[in-house]
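Participant: Everything below, folded, please.
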Amino acid sequence: MPAKRKPLISGNWKMNLNHFEAIQIVQKLSYLLKKDDYAAVDVTVHPPFTDLRSIQTVLESDRIPVGLGAQNCHWEEKGAFTGEVSPAMLAKLNVGHVITGHSERRQLFCETDEDVNRKVKAILKYGMTPILCCGETLEEREAGTTEEKVSSQVRAGLAGVGADQVATLVIAYEPIWAIGTGRNATPEDAQAVCKAIRGVVSEEAGTEAGSSVRIQYGGSVKGANAAELLAQADIDGALVGGASLDPEDFARIVQSAHSA
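Facilitator: Purely as a prediction, here's the structure:
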């Protein structure tokens, strides 16, 4: 059996925390995580846009080995797109990972698969790593179309992306019915979908890309349930929402990945 990929635990702060609060969260997290944790697990935090520069400064000045991430971006480098932020701007702040295709963006802001694909390509163009999100609604799960829905989102998101680049990106499986609800997929259910995603990547970009791509699970991940989820063969980390706002709980998730 091949060695597992290095886990990636990402904290999606969503529309929470001003820059003062954000600095405190990162500093507390840095006290809780140890060298061994950082060596075994990659960690990223994804603050709101208004916090990015402050968090970049803290991470770099205090030499905290946590990666800076963003929650979204536009696909154009610049232009008349009021309220948007370009991938070029994020790259200048040393952002390493950018979430794209999150269900909240798809549902609340009407982002299409085509929009997500444009963003994936733009993020890669500027030397950053996309975290491509996919997931089904409760109705789709109950109808038995989970794999069909997730596979179509992954295929659309990867369209036109070279195999070498596909191998380096991250895919986050987030069942929509589990986001912020306190419910989460069983480890076995999450593993089944993540395994199917890896199969889709292998079909689209080859078996090497399929075995290299990191697949996160997201959806009410907490310190209490992280270990079982992260022990699954095809789950390489977690995209964490609410629990990432609590440094102690987020640190427990990272440490669960370390010991998985």
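Participant: Tabulate the CA atom coordinates of stretch 10-22 in PDB.
Facilitator: Taking C-alpha atoms only, stretch 10-22 is exported to PDB below (Å, rounded to 0.1, in the frame of the first residue of the first chain):
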ATOM      1  CA  SER A  10      -7.300  24.300   6.300                       C
ATOM      2  CA  GLY A  11      -9.300  26.700   8.500                       C
ATOM      3  CA  ASN A  12     -12.000  28.600   6.500                       C
ATOM      4  CA  TRP A  13     -12.900  31.500   8.700                       C
ATOM      5  CA  LYS A  14     -15.700  32.700   6.400                       C
ATOM      6  CA  MET A  15     -17.000  36.200   7.200                       C
ATOM      7  CA  ASN A  16     -15.700  36.200  10.700                       C
ATOM      8  CA  LEU A  17     -13.000  38.000  12.700                       C
ATOM      9  CA  ASN A  18     -11.700  41.500  12.300                       C
ATOM     10  CA  HIS A  19      -7.900  41.900  11.900                       C
ATOM     11  CA  PHE A  20      -7.300  42.300  15.600                       C
ATOM     12  CA  GLU A  21      -9.300  39.100  16.400                       C
ATOM     13  CA  ALA A  22      -7.600  37.300  13.600                       C
END
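Participant: So which bits of it are buried?
Facilitator: S10, G11, N12, W13, K14, N16, L17, H19, A22 (16 or more other Cβ atoms under 10 Å). The C-beta positions use only the backbone N, C-alpha and C, and glycine is treated the same way.
Participant: Repeat that for stretch 232-240.
Facilitator: Buried-residue list, stretch 232-240, by 16+ other Cβ under 10 Å: Q232, D234, I235, D236, G237, A238, L239, V240.
Participant: Inside strands: which ones of these?
Facilitator: Among the buried residues of stretch 232-240, the ones falling in strands (DSSP state E) are G237, A238, L239, V240.
Participant: Please dump the buried residues of stretch 232-240 into TSV; it should also carry pLDDT and distance to A39 for every row.
Facilitator: Converted to TSV, the buried residues of stretch 232-240 look like this (pLDDT from 0 to 100; distance: Cβ to Cβ, whole Å):
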residue	pLDDT	distance to A39
Q232	96	22
D234	97	23
I235	97	20
D236	97	16
G237	97	15
A238	98	18
L239	98	21
V240	97	20
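Participant: Does E77 touch S86 like I think?
Facilitator: Yes. Counting by Cβ atoms under 8 Å, E77 does reach S86; the two are 5.3 Å apart.
Participant: Those two - which one has more neighbours?
Facilitator: Taking neighbours as other Cβ atoms under 10 Å, E77 and S86 compare with S86 leading, 18 against 12.
Participant: ok, that one touching C73?
Facilitator: Yes. Under the criterion of Cβ under 8 Å, S86 makes contact with C73 at 6.4 Å.
Participant: Can you tell me the SS state at I215?
Facilitator: strand (DSSP: H, G, I helix; E, B strand; the rest coil).
Participant: Roughly how far does it sit from C73?
Facilitator: Going from I215 to C73 by Cβ to Cβ, to the nearest Å gives 22 Å.
Participant: Same question for R183.
Facilitator: From R183 to C73 the distance is 30 Å (Cβ to Cβ).
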